[in-house]
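> the sequence and its predicted three-dimensional model are supplied below.
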Amino acid sequence: MSADHVLAVDGDTVTPSVHAAGPWREDAQHGGAPAALMASLAEDAMVGIEGEWQLRRLSLELPRPVPMAPLRIERAVDGGRSVQRVRLRLRDAQDRVAAEALVLMQRAGDSGGLPAFGAPDAVPEVPEPEQCHERVRFAGMPDRAAFHATGMEIRLAGGSDALPGPATAWFRPAMPLIAGRADSAVVRVCASADFCNGLSWETPFDRFVFANSDLTVLLNRPPAGEWTGSAARTRIEPGGFGLSSATLFDRDGVVGYAFQNLLVFPRA
């Protein structure tokens with residue numbers, strides 16, 4: 001518990017602290033940790049490329065549990081004047097891909113002072129984070145050093161964390177997500193986006209596994225502030241197919257959306 005960060009990056013190596021752990025097993029990371037890392041690496045990849053760049057989409061694939069061990073980072077960037085695609089992979093000690101992402105970065109163009117068009121999406125009517133004092137405990141999940149328990153501060157803003165169904169919460173990192181650097185608002189949003197299934201659970205943790213195999217984050221504008229709101233819901237279909245989604249927002253309104261495909265099955 002002595003670590004004061006979630007991940008540490010040194011060149012092409014990333015090392016998780018205990019605060020990166022997920023709820024399903026102690027030797028695997030929560031998806032929010034690699035999501036934050038991929039967003040941070042994509043922003044870094046734009047340094048030196050002319051223009052102001054905004055993360056518009058992060059597509060994260062999780063083909064296997066991301067180990068709580070050092071991982072090797074692979075980076076590639078391609079694109080043109082207006083759109084850059086950043087391809088990222090994390091490889092484990094056996095050289096297997098533990099996580100990979102495609103991040104679409106879009107260059108802010110000269111809009112000529114164009115106004116917004118179209119009706120804005122509805123913002124969930126919830127109290128401000130300072131008015132929310134109940135910590136989200138994610139019913140049945142272990143209360144140990146882990147991303148959901150110690151890596152993030154999570155305050156319930158709507159619904160219940162003890163009962164199934166849609167729920168809303170405010171999120172912010174409890175410590176630096178990446179050691180030695182200030183996390184951007186985009187990185188904080190991506191870290192918060194992977195909580196859809198836990199926040200809006202429909203099957204109890206002690207009887208079912210409902211882990212996500214991927215995460216897609218879509219941002220329609222730059223987020224602001226240290227808090228990210230997430231209004232999440234989950235639907236599980238026959239055969240163990242599940243989909244969790246969330247509307248992501250800050251104090252000024254909706255900033256984007258998150259989607260997770262779920263792998264659902266009874267515990268042995």
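Cool, got the structure. Just so it is clear, the structure is predicted and the values come from calculations on it, not from any experiment.

> use CA for all of it now, contacts and neighbours both
OK.

> so residue 33 lies in a strand, does it not?
No - read with DSSP: H, G, I helix; E, B strand; the rest coil, residue 33 is helix and lies in no strand.

> just the buried positions in the host helix or strand of residue 258, please.
Here residue 258, judged by DSSP states H and E, is contained in strand 253-266. Going by neighbour count (16 or more other C-alpha atoms under 10 Å), the buried part of strand 253-266 is 253-264.

> what packs against it?
For strand 253-266, the packing partners by 3 or more C-alpha pairs under 8 Å, 6 or more residues apart in numbering; DSSP states H and E come out as helix 196-199, strand 208-212, strand 214-219, strand 241-250.

> among these, which is nearest residue 92?
strand 214-219 (17.9 Å; C-alpha to C-alpha).

> what's the angle between the helix or strand just after that closest one and strand 241-250?
Following strand 214-219 in sequence order, the next helix or strand is strand 228-237 (DSSP H and E). If you take axes from the mean of the first three to the mean of the last three C-alpha atoms, to 10 degrees, strand 228-237 sits at 160 degrees to strand 241-250.

> can you tell me the strand partners of strand 228-237 and which way each runs?
strand 167-173 (antiparallel), strand 241-250 (antiparallel) (DSSP bridges).

> same list (those strands) but as a markdown table, adding mean pLDDT, distance to residue 100 and mean neighbour count.
A markdown table is the format used below for these (pLDDT from 0 to 100; distance: least, C-alpha to C-alpha, whole Å; neighbours: other C-alpha atoms under 10 Å):
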| stretch | mean pLDDT | distance to residue 100 | mean neighbour count |
| --- | --- | --- | --- |
| strand 167-173 | 98 | 23 | 25 |
| strand 241-250 | 97 | 20 | 23 |
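
> contacting residues for residue 259?
Residues near residue 259 by C-alpha atoms under 8 Å, 6 or more residues apart in numbering: 196, 215-217, 243-246.

> may I see those residues organised as JSON lines, with distance to residue 54 added?
Formatted as JSON lines, those follow (distance: C-alpha to C-alpha, whole Å):
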{"residue": "196", "distance to residue 54": "23"}
{"residue": "215", "distance to residue 54": "18"}
{"residue": "216", "distance to residue 54": "16"}
{"residue": "217", "distance to residue 54": "13"}
{"residue": "243", "distance to residue 54": "27"}
{"residue": "244", "distance to residue 54": "25"}
{"residue": "245", "distance to residue 54": "22"}
{"residue": "246", "distance to residue 54": "20"}
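
> wait, which of these is closest to residue 119?
So of the contacts of residue 259, ranked by how close each gets to residue 119 (C-alpha to C-alpha), first place is residue 246, at 19.1 Å.

> give me the below-cutoff pLDDT ranges for the stretch 101-250 of the chain.
110-112 (pLDDT under 70).

> now the helices: where do they sit in this protein?
For the chain, helices defined by DSSP state H occupy the ranges 32-45, 185-193, 196-199.

> which secondary structure elements does the shortest one contact?
The contact analysis (3+ C-alpha pairs under 8 Å, 6+ apart) places helix 196-199 against strand 167-173, strand 208-212, strand 228-237, strand 241-250, strand 253-266.
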